[in-house]
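>>> Need a 3D model of the following:
(4 chains)
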Amino acid sequence: MRAIVYGYFTDELDLLNAVKELQNKGIRIADVRTPFPVHGLDAALKLRRSHLPKVAFVGGLIGGTLGLFFQVWVFTKGWPLNFGGKPFLSLPSFIPVTFELTVLIAAFSMGIAFLLRSNLGPGSIPDILDEEVTDDHFQIILSEKNNNLSETELVEALAATGALDVKHVNAEK
Amino acid sequence: MEKQNIPDAVPFKFGKKLKTWLGIAAAVGLIALLWGVFIAQLPASRIWANLWLNALMFLFLGLGALFFWTVNTLGESTWQINIQRIMESMGLTIPFAILFFVIAFPGLKHLFEWTHTEHLDEILQKKTAYLNMPFWLIRFVSYFALWTFFAFYLRKISVKNDFEPRDNFLKKLRSTSGWFIVIFAITSSTSAWDWLMSIDGHWFSTLYGWYIFSGMFVASISVIILISVAFKRFNIMPNINSEHLHDLGKYLFGFSIFWAYLWISQYLLIWYGNIPEETIYYVERVDNFNTLFYVNMTVNFLFPFLALMTRGAKRQPLYLSVIAIVVLIGHYIDLYLAIMPGAVGHEQAAIGLLEIGLPFFYLAAFLLLFLVFFEKAKPVPENHPYFIESSDYENI
Amino acid sequence: MSEENKYWHILEEFEPIKDARLPNGREEVVSPVSRRNFLKVLGLGTASAALIASCTKKPVEKAIPYFIKPEEITPGKAAYYASSYFNQNEFCNVLVKVRDNRPIKLEPNPKSAITPNGTSGRVQASVLDVYNINRFQGPQKEGAPIDWESADNKIVEQLRELANAGRPIVLITPTIISPSTKKLIAEFAETFGAEWQQYDAIPMDGYREANKRVFGTDALPEYHFEKADCIVSVGCDFLGTWLSPVEFSAQYASRRDLHKENPDLHKHYQIEAGMSLTGSNADIRIRADRSEYGKILAYIYNSLATQKGFPAIASDIPAPAVAAELDNVVADLAASEGNSLVICGDNNPDYQVIVNGINQVLKNIGKTVGFERTYNHFRGTEKWKDTLLNAEPGAVIVWDANPVYNHPESDKIKAAIQKAPLSVAISSLPDETSELCHYVFPSPGYLECWDDAEYKKGVVSVMQPTLHKLFDSRQAQESLLKWMGNETAWREYIKSHWVSNYFQLQNEQTNTDRFWVEILRNGELTGKVEPTSVSFDETELGKAFRSIATEKPAQGFTIELTENINIGTGHGPLNPWLQECPDPVTRIAWDNYASIAPSTARELGIINGDIIRTGNLTIPAFVQPGQAAKTISIAVGYGRTAGVPQELVTGVNAYQLAKLDNGFRQFCADGFNIEKTGEHEDMALVQGHQSMEGRPIVREATLDEWKKDPAAGNEMHEKVEHHHTTLYKEHEYKGHKWGMAIDLNKCTGCSACVLACNTENNIPVVGKKEVKRAHEMHWIRIDRYYNGEEENPEVVRQPVMCQHCDNAPCENVCPVAATNHSSEGLNQMAYNRCIGTRYCNNNCPYKVRRFNWLDYTGSDAIPNNRYDPANLTLDLPRMRHNPDVTVRAKGVIEKCSFCVQRIQEKKLTAKSEGRPLQDGELQPACQQACPSDAIVFGDLNDPNSKVSQMMKDPRNYHLLEELHTLPSVGYLTKIRNKS
Amino acid sequence: MMHVSPVREPLINGEKSYKDITKDVVAPVRAKPGKLWFVGLGISAIVMLIGFAMIGYTIWFGIGTWGVNRTIGWGWSITNFVWWVGIGHAGTFISAILLLFRQKWRTSINRAAEAMTIFAVMCAGLFPLIHMGRLPLGFFILPYPNTRELWVNFNSPLLWDVFAITTYLLVSLLFWYMGLIPDLGTIRDRMKTLWKKKVYNFLSFGWKGSARHWQRHESMSLILAGLAAPLVLSVHTIVSFDFATSVIPGWHTTIFPPYFVSGAIFSGFAMVLTLMIVTRRALNLKEYITVGHVESMNKIIIATGSIVGIAYITELFMAWYSGVEYERYAFMNRALGPYAWAYWIMMTCNVISPQLLWFKKLRRNLAFTFVLSIFINIGMWFERFVIVVTSLHRDYLPSSWAMYKPTWVEVAIYMGTFGLFFTLFFIFIRVFPVIALAEVKSVARSSARKFLGKPIKKQSSEKQ
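Numbering: from 1, shown residues only, chains lettered A, B, ... in the order given. Got it, this is the predicted structure:
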């Protein structure tokens, strides 16, 4: 039974200040929810850069390589056919398909990785604390779990940053 | 961000030491040329072709920079404003290219088969309405007149704003840039036909002008990168930050891909059609300039593509400048491949002292002129309305 | 049976087929023909089961294999029977290719003395006639079915009554060249006191008359084009429709075979009004109005006579421009005295007299004009209708003739036949005449018949049935025998006639039965003949000149009636293949039209397809370059309506414009004007653009140029070969590498190849509407271009089929790999794999690929979508399909395969016999049919093959070779003799 | 916050707070559709059904129901294909390439443009399918293992097309949908009824606006943009290969790839303008899609239009310069032959008319822009028609020259794709947010004419 404390701001500048303030106090922030990606928030929260580009790179590499090798195999080993006198290994012809497969696999591996990593997807039920987060609330969520402070201390700390409507709930799990 | 927070650029002084270095570089080039002419007694066509090649390369650096500046101006982009004066000054070297072209004029007969009007074959005869000396010269003069005009006029608008900012500054800059782009869009292609494609007089490719343009653009970006990195390193322009390099890196990356895209578009279509009147161009290069043919692709596409893929690579000055140097050499090779097979032929073409040494002369000349012009104005256009935006942004 | 001939089976040897196999399994009969009967005879072989299985409805419930295999049927293997084709001006000795008891293709009989090289297009198409669903299904009386016996009884009874009553009995036939039949008819005539009249739709009685006058014999001489150095033809379409075109094409081509050993060409002048096929092949074509022919002949005669020291005869002089050109003609003729040939295509005996005079002056008689093996056809005269029209005949028996349709006095004839108490039509197809007759006796097609023929004197040939009769029909001869009460089988009748008349002509066989078998195997026998002796009557010349002098000057426009090479005198319309095959000159299919000169068209503001009225015809106009200004040319043979299904009714009947002149039917008349109706209808024109646009498509040179440089006109070839570069190496072809060479100098454009290809490759007929939309399906087409001024252009032709390019732009782009290159250099199509993107078609620079736009063949899975205006997908016509060639479904691309099925077949044969394939053994259908030997196919990897030799000829080039498509087809430049 | 120069034109007109933005954009989704919408949807659906019926007719009876023939194997079908694909280039160009170039004005239009892209590509994709003679066997085009071990021909540009169009459609869909997720979350939270909430939650993949998700989302968007940018180029490049790889004069020319791409963007932007000018009015989004946006798009139109113009002239010149008679003839024939009217319509609409946009007044005139955008798409349609038909109808051998005229079946199918397109678009504007909410909000502070920040209340803490 860990308590969760949250409050919101209606302006992202306030949010950024609050984040800094809380961090200066050594309070760990469980999550920040915003209606749009707030510029500078990643840095303020000291989030590590995402690994998604690497996933895309690997996906693209796999897609491209398999695509190319499949074509090469088909034309040289699978069933080499003479098309209009073109060489069996007609590499320039393989460029488009290789490219498309690279992009396709890269994009989708990254998209899927994004959903998996963020635990998003069809049927995913989010723990929404404030519906206005998708409108104009910039919400900070603090958790007892990763802070040594008590619930009230957290509430106070959050309220001190100017957060509105600071509430707390006891998370069931 | 406020203007005060941007590190001030120090007005540049063209020092003696630098001049000496440039002098030495020029001397190396001259010696290579003299060696080639008198000592090695290289075939005339090879000498002329090299002069032609270097003149083009010299022109391309300035022309590409001018294009870069104007196109960014039109796109209302702002990041480049910090390094705008570099591009402006590069653009001002354009008229001096005339000199280098004219030096090579006596060798035109060696370069262009169509100048041999006394025995033109059937196909070249069909082209005489376009490929004839008087018209060619008229075009030559017009290109330079137009480019020079715009380079100097735009520079004038830009510099004037440093002293007497006007409300209509942006409007004027943009509309002039617009006119330049229109003219450039046409002349970049036609000049490429005139000066490069007509070397292989029988051959034709509709894409050729754009292909040459893309190579020129990439070469020019490399030089901008190199100068930016150097100016930052020597504290001439401390206002250049890694965001600017990142963007320049992206341009280098993106347009290397674009160049490769055009290269492959042209090659693939000709390879696919396999019609002799077209393939002859590539057959000559694949058969007789085999190594360079593949080096070209590797150095100009594969290398920058792989080296610049990561974010870090684009932000690291030293790393970026190494890539820029390689790509610059790469585009020299690209141009070499465009000229030599047709003008010199594989029997006589080679890469020797001349080819390696001569560019130093042109490079020195280019830098000298560039620095002279750069010295003449403030290193950054402080009164540009978007100036602050240019320093206050971030690449995601 | 001798070893060498073992493929030429003879039905005779194995008769009768045991009716041993016949299940009751089949219940459903789809077509109007009883297929059950057909198959009963055929036997239910596995091959035919496969055939039936391909039909939309599956009638076979149980397929039962032969348990006694008939010896002459090897499933999957064709048998060949020697036979002959004869119709009007077309005679060919043929081999009938029979698969599973179905004749499917006609091929030239190489043993023939007359037509060993090839056939005409009409012969190729005739195989379809057998499977014509419109044929009479059984005997009829006044439109109602009747059985043979009662019909026979009634007729014999009536004939006897009429004979006793002294009413004339007339038997009208076209010219009959069958010696046995002639004998039979004579007997018949004697029995019933009947009168036999021969009638030709387009007669040549004027020729016979002239020969009788001048030479004292009415024989039609043989013409030796192969011996003529200079041919002057005045309006005579000898390569297309005149007298014996297949034979003449071969002779003509033999003098156009230009190579080092044969460095000379003949020189062919054509003087004509309308652009004929022959005219379009001429070295020099002189345009002259039809009404000038007489003056022209007179002028030539007089000029020659003067030169050769004969008296000139006063005559009018043709137009000065023409006369100037004629002087060259005369000079050339004079120079090749004895080796020249002058002919005229007009049935006017006066003209022919002058022609004879010219040939006499040129000492051609006995040389290029021979009286040894004279022609037996064209016996018809205008006398045929004397009794019919004037003597109130009691009985009229019309056998295969259709005067109601094709005689200008159609109305009178109609009335006369209707008036006769007894009229009998013996015909296989309904026509305008049979419509009027009381009785209709269906006769079988020639592939179902026994018959013989003596086309040229002393050359006798046989016809034998290659399938059992499809319908309840009976040969006319059998009817005659029956009526005469003669119980002899007609086959026996022929055999005995042969044994008694021709057995002694040969000395190889001593046994008469062996002799007969041997005859059936070879199809032809050539006996020795003595030349007819000829005299020369000069006085006739004078008469002729005087007669010409009385000709009134032509008023208004002259209409000349021509014969279309495919449609002929009117048999064609019922054959959709022939209808769809475009005219080689105008390239219009499915229609006749009035050809008018460009200048006339401009004057009157007429464009192609404008409907005009001339005489009493309402007909679309066609602007024909080279047409004489005052002459309108219209083809006869169209406008057949009686018994013709609506879809096949095309054009208008122009026979009514023929005129009778001194008892001779003339196919031209003057005094017409042209009236615009304001209507317009596009014709099925397959080639809309007439000029090569200066492109090196057909390359040509003159003989003089060629003599100086054998690569004359073909300079580009060497240049292109020299500049060939490639970004990838060419594939290597080990083993065979097939190629084709086409000699443009020999190709006359007769279209036999087109029709042969049609037959061989099961090419669908799409109908006029589709042809108009450029949806025609022919795999080979004969392009025709005009050069020079429109008033009298030079014509070049080029047969174009898939070029089987080694660097084929079409193969590259097929996404599903449905078309690719075989290891023997064939550009092959996998129809099953094709999804019909038509990308290949777009990319083909030769535009030789064809797409199945609609369900032309009935072979796709979707019901109720068939588009088959010619009804060729009904079960009966489908029997004609070549089972070796896939019938293509809707949505599939198809094209020339170099007859890959033939390649495979011959390769297999050679392999099973353990020998290499011989050069020339393997012939695609087009080459085989070509009477001029213009097409040569073979192995390019064999340096000695004829095709390799031709490819090395400096005249050889490839079409669009500058594209580096590396075609496997080569063309040899056309060389014109203009010296 | 990044600095934005005050001289820049605001991207959002009016005084807006974040809440206003949400309200404005979500309004069409929440509101009951009006009569006009039903009429529009109804007409579109009927036209679509007629089109589908004609497709059925074509499949049943064969391609012979069209006007194509032995010489011109591709007529309207491929013309329409290329045209629709071209239109389908704007969306991804806007969201990918303009993102890379940091053009902020893209945020107001990228969502709708992307949707339009996807619908256009769907319309486009129909044509290569139905132009097949044997559509039921169309799956042959996929390299699937089969008993004959026969694969596909990787040399064929049509096969490349299969890969390119599929990839483009899928990646565009991915890009679009990934961008939609947060906005669908917004809609979910604005919905009152439970089932709607559930549906939108399902659609939004359970979006909750977490900073980490936003960070990954942004990172992904950037990389997707990086992938989509060359993809956009590649798609029309490969479409151009359909023509340029052949040897047919007028088709085989190296400039095709970049010229097609540029033409595609040209026509795509025109279509975006056509739609946006109407949509902004119908959905009351004038303050988000401003005249400034229209002007920016007009600038792209003039740039791409001029590139296309230069390409036309280059082609024309090079045809002459090549000295190849076939090339020369092909272009002479375009300009002066029987289809010259099509060529001059193309020239007028594509090259001459956009030049009017050099005038700022016209660039900012909505009525003019609307008319021009339609002109441009007419011109671009004719460009493809000219390429497909006039090149084929007179190629190498004059004997095979022919003319082409579409049948009513082809016309109806083309109209049917409009029906499909608008049906989807009508549904789209009522179901999904037409403007990328989150993205607009992220630039609102810096680029709105006047941004209304809520006053910050001090220390209010209520316990639950």
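
>>> Quick check, the residue in the stretch 301-450 of chain C closest to chain A?
Proximity to chain A, evaluated over the stretch 301-450 of chain C using CB to the nearest CB, is greatest for residue C:447 at 42.0 Å. To be clear about C-beta, it is placed using only N, CA and C from the backbone, and glycine gets the same treatment.

>>> Next: the stretch 151-300 of chain B.
Nearest residue of the stretch 151-300 of chain B to chain A (CB to the nearest CB) works out as residue B:268 at 4.7 Å.

>>> burial count for the residue nearest to that residue when sequence neighbours are not counted?
Here the nearest residue to residue B:268 in space, its sequence neighbours aside, is residue A:92; by CB to CB, 6 or more residues apart in numbering or on different chains that works out to 4.7 Å. Neighbour count of residue A:92, defined by other CB atoms under 10 Å in any protein chain shown: 18.

>>> C-terminal to the helix or strand residue A:92 falls within, what's the next element?
For residue A:92, the host element (DSSP states H and E) is helix A:91-117. Counting by DSSP H and E, the next helix or strand C-terminal to helix A:91-117 is strand A:138-143.

>>> Can you name every helix or strand that that following strand contacts?
Strand A:138-143 sits against strand A:2-9, helix A:12-24, strand A:31-33, helix A:151-160, with contacts defined as 3 or more CB pairs under 8 Å, 6 or more residues apart in numbering or on different chains; DSSP states H and E.

>>> okay, these in TSV with mean pLDDT next?
Below are the helices and strands packed on strand A:138-143 laid out as TSV (pLDDT from 0 to 100):
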stretch	mean pLDDT
strand A:2-9	84
helix A:12-24	86
strand A:31-33	89
helix A:151-160	84
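
>>> Could you give the number of residues near residue A:122?
For residue A:122, using other CB under 10 Å, the count is 11.

>>> got a list of what it touches?
Taking CB atoms under 8 Å, 6 or more residues apart in numbering or on different chains, we find residue A:122 in contact with D:202, D:205.

>>> So is stretch C:674-685 next to chain D?
No. Contact of stretch C:674-685 with chain D (CB under 8 Å from any CB of the partner chain) is absent, the minimum separation being 10.0 Å.

>>> how about that stretch: buried residues?
Across stretch C:674-685, burial judged by 16 or more other CB atoms under 10 Å in any protein chain shown covers C:674, C:683, C:684, C:685.

>>> ok so, going back, looks like the residue of the stretch 301-450 of chain C closest to chain A contacts residue C:95 (just checking).
No. Judged on CB atoms under 8 Å, residue C:447 makes no contact with residue C:95 at a distance of 11.7 Å.

>>> Could you name every residue contacting both of these two?
In terms of CB under 8 Å, 6+ apart, residue C:447 and residue C:95 are both contacted by the residues residue C:83.

>>> Out of the helices and strands packed on strand A:138-143, which is closest to chain C?
Chain C lies closest to strand A:31-33 among the helices and strands packed on strand A:138-143, at 49.1 Å (CB to the nearest CB).

>>> What are the neighbouring residues in contact with the closest residue to chain D within the stretch 801-950 of chain C?
Nearest residue of the stretch 801-950 of chain C to chain D: residue C:836, at 2.0 Å (CB to the nearest CB). For residue C:836, the contacting residues are C:851, C:852, C:891, C:892, C:893, D:63, D:132, D:133, D:134, by CB under 8 Å, 6+ apart.

>>> The closest residue to the fourth one other than its chain neighbours: what's it in contact with?
What it means is residue C:892. Nearest non-adjacent residue to residue C:892, counting by CB to CB, 6+ apart: residue C:834, 4.6 Å away. Residue C:834 makes contact with C:814, C:816, C:818, C:819, C:891, C:892, C:893, D:133, D:134, according to CB under 8 Å, 6+ apart.

>>> Including pLDDT and neighbour count, could those go into CSV?
Formatted as CSV, the contacts of residue C:834 follow (pLDDT from 0 to 100; neighbours: other CB atoms under 10 Å in any protein chain shown):
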residue, pLDDT, neighbour count
C:814, 93, 29
C:816, 93, 26
C:818, 93, 23
C:819, 93, 27
C:891, 92, 27
C:892, 93, 25
C:893, 94, 26
D:133, 90, 25
D:134, 91, 22
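
>>> Name the nearest of those residues relative to residue B:311.
The shortest approach to residue B:311 among those belongs to residue C:816, at 43.0 Å (CB to CB).

>>> wait, doesn't that closest one sit right on residue D:152?
Yes. Using CB under 8 Å, residue C:816 is in contact with residue D:152, at 5.8 Å.

>>> shared neighbours of those two, anything?
Joint contacts of residue C:816 and residue D:152 (CB under 8 Å, 6+ apart) are D:140, D:141.

>>> Can you give me the neighbour number for residue B:393?
18.

>>> what's the closest non-adjacent residue to residue D:128?
Once flanking residues are discounted, residue D:128 sits nearest to residue D:81: 5.7 Å by CB to CB, 6+ apart.

>>> Point me to the residue of the stretch 51-200 of chain D nearest chain C.
Nearest residue of the stretch 51-200 of chain D to chain C: residue D:133, at 2.0 Å (CB to the nearest CB).

>>> ok, that residue touching residue C:838?
Yes. Contact criterion CB under 8 Å: residue D:133 and residue C:838 qualify, at 7.1 Å.

>>> which residues are common contacts for these two?
Shared contacts of residue D:133 and residue C:838, defined by CB under 8 Å, 6+ apart, comprise C:851, C:893, D:63.

>>> The second one touches residue C:819, doesn't it?
Looking back up the chat, that one is residue C:893. Yes. Contact criterion CB under 8 Å: residue C:893 and residue C:819 qualify, at 7.4 Å.

>>> Would you mind listing the residues touching both of these two?
C:829, C:834, C:840.

>>> For residue C:402, see how far away residue C:706 is.
Using CB to CB, to the nearest Å, we find residue C:706 at a distance of 48 Å from residue C:402.

>>> The two: who's more crowded?
The residue with more neighbours, out of residue C:706 and residue C:402, is residue C:402; 27 against 24, by other CB under 10 Å.
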